[in-house]
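Engineer: Sequence plus predicted model, see below.
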Amino acid sequence: MSERTLVWGILNVTPDSFSDGGHFLAADAAIQQGLGLAAAGADVVDVGGESTRPGAARVDAGTEIERVLPVIEALASEGVTVSIDTMRGSTARAAVDAGARYVNDVSGGLADPDMARIVAELEVDYVAMHWRAHSATMDQHDVYDDVVAEVRDELLKRLQALTDAGVDGNRIILDPGLGFAKVGEHNWTLLAHLDELRHVGTRGQSQRVLIGASRKRFLGATIARSGEQQPPPEQRDHATTAVTALAAQAGAWAVRVHDVRAACDAIAVASAWRNASTGAR
């Protein structure tokens, strides 16, 4: 695991993402935003061309590729480390050919039966998220008897299936899928038991875990003042930053965020606190 929790900056090249949909749909705007995220300290810029917000409809592969490829090519040419956020193997291949170095798949390979084979061939690091259904119906699948045990076991099944398909286990990063087929208490319980998710598998080493809490509904519900509606996504950044600091303290390999500078500051503070707590008095 990295000594410092990494920061993945979110770049949605979509018209309908829950927080910044439409802001960076034009390639030039997306490229400038990606460069800004990198300048602010993002270790990776995660580029997505299909919204996965609750209730979102899918777009076709051609549209997805048309949205992301010019952005990935431009950012990679400027030395930015890029991830492609996609559930399609064909998009993953095109993005890696264009310069992406990670594949971030919210379905963990379940949405496209070709994804595992393609990732194995591409030999890139792969984020496999816990997933039960597409965005249009995922809220119908948010029932758990023991959310930590079930998410852990379902991630383990994905880990085994991916390695059986030829993906190098050392290249797999797990994501508990906060907000995906989960209600608020599920997300908090998973965060509180992050260490159990970090030790999925039988390889005798910690698994890299990416946390994606940025601006999500469960944060809005938590910080809503009595008698008031949930604050909109752009007013959930302080809560996101608090989660970032706690996730870094708990050993998260990376966090995926909208506000990169705040995340970098939170990680620096968490690291200083941890280093002081383990140092000599």
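Structural biologist: The structure has been received and is ready for your questions.
Engineer: only C-alpha atoms for contact and neighbour calcs from this point on.
Structural biologist: Noted.
Engineer: and the longest strand along the chain, what's its mean pLDDT?
Structural biologist: As assigned by DSSP state E, the longest strand anywhere in the chain is strand 6-12. Averaged over strand 6-12, pLDDT sits at 97.
Engineer: And stretch 95-105, by the same measure?
Structural biologist: Stretch 95-105 shows an average pLDDT of 98 in the prediction.
Engineer: buried ones in it?
Structural biologist: Of the residues in stretch 95-105, those buried under the neighbour-count criterion (16 or more other CA atoms under 10 Å) are 95, 96, 98, 99, 100, 101, 102, 103, 104, 105.
Engineer: want to try TSV for the residues you listed, with secondary structure as columns?
Structural biologist: As requested, the buried residues of stretch 95-105 are exported to TSV (DSSP: H, G, I helix; E, B strand; the rest coil):
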residue	secondary structure
95	helix
96	helix
98	coil
99	coil
100	coil
101	coil
102	strand
103	strand
104	strand
105	strand
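Engineer: returning to that earlier point: what about dumping the CA coordinates of the longest strand of the chain to PDB?
Structural biologist: The C-alpha coordinates for strand 6-12 follow below in PDB (Å, rounded to 0.1, in the frame of the first residue of the first chain):
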ATOM      1  CA  LEU A   6      -3.700   8.900  -3.400                       C
ATOM      2  CA  VAL A   7      -6.200  11.400  -4.700                       C
ATOM      3  CA  TRP A   8      -8.300  10.600  -7.800                       C
ATOM      4  CA  GLY A   9      -9.900  13.700  -9.300                       C
ATOM      5  CA  ILE A  10     -13.300  13.200 -10.800                       C
ATOM      6  CA  LEU A  11     -13.900  14.400 -14.400                       C
ATOM      7  CA  ASN A  12     -17.300  13.700 -15.700                       C
END
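Engineer: Can you name every helix or strand that that strand contacts?
Structural biologist: Helices and strands touching strand 6-12, as assessed by 3 or more CA pairs under 8 Å, 6 or more residues apart in numbering; DSSP states H and E, comprise helix 27-40, strand 44-48, strand 254-257, helix 260-278.
Engineer: Give the pairing partners of that strand; include direction for each.
Structural biologist: Partner strands and pairing direction for strand 6-12 (DSSP bridges) are strand 44-48 (parallel), strand 254-257 (parallel).
Engineer: deepest of those, which one?
Structural biologist: Each of the strands paired with strand 6-12 was given a mean neighbour count from mean count of other CA atoms under 10 Å, and the largest, a mean of 27, is that of strand 44-48.
Engineer: Just the mean pLDDT for it, thanks.
Structural biologist: pLDDT averaged over strand 44-48 equals 97, rounded to a whole number.
Engineer: next structured bit after that strand?
Structural biologist: Counting by DSSP states H and E, the element after strand 44-48 in chain order, helix or strand, is helix 61-77.
Engineer: Just the buried positions in stretch 119-129, please.
Structural biologist: Going through stretch 119-129 with 16+ other CA under 10 Å, the ones that come out buried are 119, 120, 122, 124, 125, 126, 127, 128, 129.
Engineer: my bad, should have said stretch 46-58
Structural biologist: Judged by neighbour count using 16+ other CA under 10 Å, the buried positions of stretch 46-58 are 46, 47, 48, 49, 50, 51, 52, 53, 54, 56.
Engineer: Could you dump the residues you listed into JSON lines and include distance to residue 246?
Structural biologist: Converted to JSON lines, the buried residues of stretch 46-58 look like this (distance: CA to CA, whole Å):
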{"residue": "46", "distance to residue 246": "22"}
{"residue": "47", "distance to residue 246": "25"}
{"residue": "48", "distance to residue 246": "26"}
{"residue": "49", "distance to residue 246": "29"}
{"residue": "50", "distance to residue 246": "29"}
{"residue": "51", "distance to residue 246": "27"}
{"residue": "52", "distance to residue 246": "25"}
{"residue": "53", "distance to residue 246": "24"}
{"residue": "54", "distance to residue 246": "25"}
{"residue": "56", "distance to residue 246": "30"}
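Engineer: and which of these is nearest residue 137?
Structural biologist: Using CA to CA, residue 54 is the member of the buried residues of stretch 46-58 that lies nearest residue 137, at 7.9 Å.
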